[in-house]
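**Q** Dropping the sequence and predicted coords here.
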Amino acid sequence: MFIDTHCHLSKEDYEDIDKIIEDNRNNYVDKIIVSGCTRDSIVEALDLLNKYDDVYVTIGYHPSEALITTDEDLKLLKKQLKNNRVVGVGEIGLDYHYGKEDIEQQKTLFRKQLEIAQELSLPVVIHSRDATFDTINILKEFPDVKGDIHCFSGSIETARIYVSMGYKLGIGGVVTFKNSTLPKVVEEIGLSNIVIETDSPYLTPEPFRGKQNSSKYLSLIADKIADIFDLPIEDVSKRLLENTYELFDLE
């Protein structure tokens, strides 16, 4: 069995969410953790909890929301996080890919949400794009907060820093891509330091790259990791489940 530690499940992307959930179950996906990272997607993610027992969520404001997220939004977020099937704060972080015009607002929002996670003793799901240095330095301000680095695709050196800080790396479809350097990183940091995710509907693994992603493809990522470590898929699955339960408080 597998757990997708990070995916998006919106009506904007999927016409039939019931079918998506059914496909997941038929492909050995025991649970999924849906990320809500905007006002609307947070509400939509929370609504899923009323319908599907195998869905959990993490919620928090994505760095792209830095200019529009208010203190009132964050007060509401604290209340929303107290649902026992809301298992983390995220995805939160920094994203400088499209420019740095809102860099200070991003940092402020990031710190405020890390403070919430610290207060509520919740793990965080970190989004970091073209912002590794600042991400690491801000996380160091909150040494008691742990979590995972969503969709990690960085260097071995960066991976070692995150792992030394107590974070796990979220490994997705990129690990299956041809010419990806991620398999070497995964091998170096070890199976005990990773969890797997799809980030669906994005980053579909080979051989379906370019098509819409879904949690049903999670086994392709696990198979690749089993190949990297030359281990039976059953052993890999067991360890990945242990890592996920260690990180997130799943029932």
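**A** Perfect, I can see it now.

**Q** Where does Leu76 sit: helix, strand or coil?
**A** helix (DSSP: H, G, I helix; E, B strand; the rest coil).

**Q** Quickly note the distance from it to Ile59.
**A** Relative to Ile59, Leu76 is positioned 10 Å away (C-beta to C-beta, to the nearest Å). (Glycine included, C-beta is placed from N, CA and C.)

**Q** Looking only at neighbour counts, state which of the two leads.
**A** Ile59 (27 against 13; other C-beta atoms under 10 Å).

**Q** Look up the residues forming beta bridges with the more buried one.
**A** Gly36, Val89 (DSSP bridges).

**Q** wait, isn't it in contact with Ala45?
**A** Yes - Ile59 lies in contact with Ala45 (C-beta atoms under 8 Å); the separation is 6.3 Å.

**Q** shared neighbours of those two, which are they?
**A** Residues touching both Ile59 and Ala45 (C-beta atoms under 8 Å, 6 or more residues apart in numbering) are Ser35, Gly36.

**Q** Which stretches in the chain count as helices?
**A** 17-26, 39-48, 71-80, 103-120, 132-139, 156-164, 182-189, 218-229, 233-247 (DSSP state H).

**Q** Show me the one of those helices that comes nearest Asp148.
**A** Nearest to Asp148, of all the helices of the chain, is helix 233-247, at 6.1 Å by C-beta to C-beta.

**Q** Does the closest one pack against any helices or strands, and if so which?
**A** strand 2-7, strand 194-196, helix 218-229 (3 or more C-beta pairs under 8 Å, 6 or more residues apart in numbering; DSSP states H and E).

**Q** could the ones you listed go into CSV alongside mean neighbour count, distance to Tyr162 and mean pLDDT?
**A** Shown next, in CSV, are the helices and strands packed on helix 233-247 (neighbours: other C-beta atoms under 10 Å; distance: least, C-beta to C-beta, whole Å; pLDDT from 0 to 100):
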stretch, mean neighbour count, distance to Tyr162, mean pLDDT
strand 2-7, 27, 15, 98
strand 194-196, 26, 11, 98
helix 218-229, 20, 18, 98
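
**Q** Which one of these lies nearest to Ser41?
**A** When the helices and strands packed on helix 233-247 are compared by C-beta to C-beta, strand 2-7 sits nearest Ser41, at 11.8 Å.

**Q** of all the helices and strands packed on helix 233-247, which lies closest to Thr176?
**A** Of the helices and strands packed on helix 233-247, nearest to Thr176 by C-beta to C-beta is helix 218-229, at 4.9 Å.

**Q** Run through the bridge partners of Lys31.
**A** Ile3.

**Q** Tally up the residues packed near it, please.
**A** Lys31 is flanked by 23 other residues according to other C-beta under 10 Å.

**Q** Starting from Leu247, give me the distance back to it.
**A** Per C-beta to C-beta, Lys31 is found 13 Å from Leu247.

**Q** His97 reaches Asp130, doesn't it?
**A** Yes - counting by C-beta under 8 Å, Asp130 is a contact partner of His97 at 4.8 Å.
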